[in-house]
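In: Quick one, fold the following:
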Amino acid sequence: MSESNNRRSFLKLTGLAGLGMAAGGLVSCGPAVNILTPPNRGVSRFNMSGYAAPKIETVKIGFIGLGMRGPGAVKRMSYIEGVEIKALCDLRPKQAESAKKLLDGTSHNPKIYSGTENAWKEMIDTEDLDLIYIATPWDLHVPMAVYAMNAGRHTAVEVPAAKTIDECWELVETSEKTKMHCMMLENCCYDFFELLTLNMARQGYFGDIVHGEGAYIHDLVDLNFNKNAFQDMWRLKENIGRNGNLYGTHGLGPICQIMNVNRGDQMDYLTSLSSADFSMGPMAKDLSAKDDFFKPFENADYRGNMNTTMIKTKNGRSIMVQHDVSSPRPYSRIHLVSGTEAIARKWPSEKIGKGHSWLNDQEFKAVEEKYTPEIVKRVGDLAKQVGGHGGMDFMMDWRLIDCLRNGLPLDQDVYDAALWSAITPLSEQSVANRSNSIDVPDFTRGHWKTNAPVDISLTGGGNTNVLYGK
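Out: Okay, here's the model as predicted:
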């Protein structure tokens, strides 16, 4: 056993591993070690990666959560062939009724479940549903997804799918037990440049992938402090008492797919660092001086402005993921892919480069024409018409339905939902322990070594029509 591993075992046995900051003096005296090692749990009872559930000719959907994200999903699904929107659920009757009005003039006439905190359970228990689409506050994602899978329903869960490592394992274990899909709705995997670079990577354009970068840099201070934006200010409360990368999947997901994480490579460990808070605390104090509504938020412990998390994979690749939703910066998810032969970067403008130079416009267009994947050729133009963050939301929904109707494995399985979501609590642990490294659990429990990469060729599918304009 190595000196590092010996020391790690010593820390665990003496209880110092759980002391975090208190153990900082001891930890800093020797080699860098992992303070908090999340456990891997047993052996997999069934491998959901690559699993093809039985075909569903008409996918019957029930939606839970019709506030910020849910109504758009309801409308988008109404444009897809082979879908029946059977039920809509929200705690607030007004929200459910408003969502139903979006379906006026369509063939869909869903039943509404609302008015009680357990209305979603009644919907799942009562209706004949194939898919539960969850767009609720983060705390409810896992309880709802687990309940739905245990009831024999596939689940699609907004990001992040889970908030704690235990919740991540609960999703994995439930999906394996029930053989029900649990897809996290990471829409950024279906944006046009991300799909282009994924196909370029599949075709070897970048050579060996060396490094990737992603981010969620989006000034949301005003929105998070808006009394009318999120019920009970839940999104603002998520930024209190949690210091780490709270929303990492938008930047991380596309990079993981390009690197075949969970499918040929796996995350090994991470280290994370946060700045102090320079924005949310001052905003809370300023608002509370003018409005007593904000008094409870005046002296809250807000997360730092910028979090930077670095990840090392088992095959030696590196990933950087950043999170900043409280600085006055232009929007960016970075999306940088660096290989031994080429590089691509999305923000502030889409670029592809080799050597010391970026491709010129003509060269870029030639690459784009050659490597545009089938899904974009099939529904890309219609996706832009239907909308949803420029069309990526629609391509995500269309792809989900097409896979379910054709009995195909999903592009994002439960292991992706768990792993990408786990970066948040793991980054919090690292930040709290002076940015010491933290081991990343292997939710596939070894299957990553043989799991096949994501297939975006539409082989066996692609036959689901779009009803837009009909």
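In: Could you pull up the residues touching Gly212?
Out: When contacts are counted by Cβ atoms under 8 Å, 6 or more residues apart in numbering, Gly212 touches 255, 258-259, 317-320, 336-338. C-beta here means a position set from N, CA and C on the backbone, and glycine is covered the same way.
In: between these, which has the most around it?
Out: The most crowded member of the contacts of Gly212 is Ile255, carrying 29 neighbours; neighbours defined as other Cβ atoms under 10 Å.
In: Show me the strands in the stretch 301-450 of the chain, by range?
Out: Under the criterion DSSP state E, counting those that start in this stretch, the stretch 301-450 of the chain contains strands at 307-313, 318-324, 336-339, 343-345, 351-354, 357-358, 438-439.
In: Of all these, which one comes closest to Gly391?
Out: Minimum separation from Gly391 across the strands of the stretch 301-450 of the chain (Cβ to Cβ) falls at strand 343-345, 19.5 Å.
In: That closest one pairs with which strands, and in what direction?
Out: When pairing is defined by DSSP bridges, strand 343-345 lines up against strand 336-339 (antiparallel), strand 351-354 (antiparallel).
In: any low-confidence regions in the stretch 1-150 of the chain?
Out: Applying pLDDT under 70 to the stretch 1-150 of the chain flags the ranges 1-38.
In: how about the strands of it, start to end?
Out: For the stretch 1-150 of the chain, the strands defined by DSSP E, counting those that start in this stretch cover 59-64, 83-90, 111-114, 131-134.
In: quick one: which of the contacts of Gly212 is nearest to Ala344?
Out: Using Cβ to Cβ as the measure, the one of those that approaches Ala344 most closely is Val337, at 4.7 Å.
In: What sits closest to that closest one if chain neighbours are left out?
Out: Leaving aside its chain neighbours, Val337 sits nearest to Ala344 (4.7 Å; criterion: Cβ to Cβ, 6 or more residues apart in numbering).
In: Is it correct that the one you found is in contact with Leu359?
Out: No. With contacts counted by Cβ atoms under 8 Å, Ala344 stays clear of Leu359, the gap being 9.7 Å.
In: which one of the two has more residues nearby?
Out: A direct count of neighbours by other Cβ under 10 Å for Ala344 and Leu359 places Ala344 higher, at 27 against 17.
In: For beta bridges, what are the partners of the more buried one?
Out: Using DSSP bridges, the beta-bridge partners of Ala344 come out as Val337, Ile352.
In: which residues touch it?
Out: So Ala344 contacts 193, 197, 200, 206, 335-337, 350-353 (Cβ under 8 Å, 6+ apart).
In: Apply 7 Å and report the result again.
Out: 197, 337, 351-352 (Cβ atoms under 7 Å, 6 or more residues apart in numbering).
In: I'd like the distance between it and Lys354.
Out: As judged by Cβ to Cβ, to the nearest Å, Ala344 and Lys354 stand 10 Å apart.
In: same question, Ile258
Out: In terms of Cβ to Cβ, Ile258 sits 17 Å off from Lys354.
In: Equivalent analysis for Asp381, please.
Out: In this structure, Asp381 and Lys354 are 29 Å apart, going by Cβ to Cβ.
In: Noted, bye for now.
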